[in-house]
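**Q** This is the structure alone, sequence omitted:
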């Protein structure tokens, strides 16, 4: 982290993070087109999502916290790309950073830890869908070796309008 900034730690997500992770995600549900969920979640509704990301295996949850306060500043996940067995060596990745914690390199720290954790897994590709426009997310993914592969035009409707999603892929 930059001098004068709070130290950030990255670790696997645990069940006691559920409420804070739900609050963070709900901000993006309510305020942005970054996720295409349109209704906020309770922590209990999000519990299956959290439990589907154990500390090992190809589907992970990494959490960034303030080293002093332990406040959750963001998280990154790798999740199944599609349900059919032939897709088992592909994951979809995503990163969310608390609105007040942007531009501090937290997304970079999260992806670095996530891809290090996935290095020993039987995975071939990672995919990321980025609702447009989102230059900051595109730059983050490109820094990690993702390449643009195409755009689904007007694939999601939220806030009374249609949104494009640009798709990126990375060799693992």
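**A** It's in. Treat the numbers as computed from the prediction; the structure is a model and nothing was measured. Numbers count the residues shown, from 1 in each chain.
**Q** Just the buried residues of stretch 82-101, please?
**A** 90, 91, 92, 93, 94, 95, 96, 97, 98, 101 (16 or more other CB atoms under 10 Å). The C-beta positions use only the backbone N, C-alpha and C, and glycine is treated the same way.
**Q** now stretch 129-142
**A** 129, 130, 131, 132, 134, 137, 138, 140, 141.
**Q** contact partners of it?
**A** Residues external to stretch 129-142 that are found in contact with it (CB atoms under 8 Å, 6 or more residues apart in numbering): 33-36, 92, 95, 102, 107-108, 111, 128, 148, 151-152, 156, 163-168, 170.
**Q** Can you flag which of these belong to strands?
**A** 92, 95, 128, 148, 151-152, 156, 163-168, 170 (DSSP state E).
**Q** just the buried members of the residues you listed?
**A** Judged by 16+ other CB under 10 Å, buried ones among the ones in strands among the contacts of stretch 129-142: 92, 95, 128, 156, 163, 165, 166, 168, 170.
**Q** Which residues does the helix or strand containing residue 45 contact?
**A** Secondary structure assigned from DSSP states H and E places residue 45 in helix 43-51. For helix 43-51, contacts defined as CB under 8 Å, 6+ apart pick out 13, 15, 17, 18, 19, 21, 22, 25, 61.
**Q** Most neighbours among these, please name it.
**A** residue 61 (24 neighbours; other CB atoms under 10 Å).
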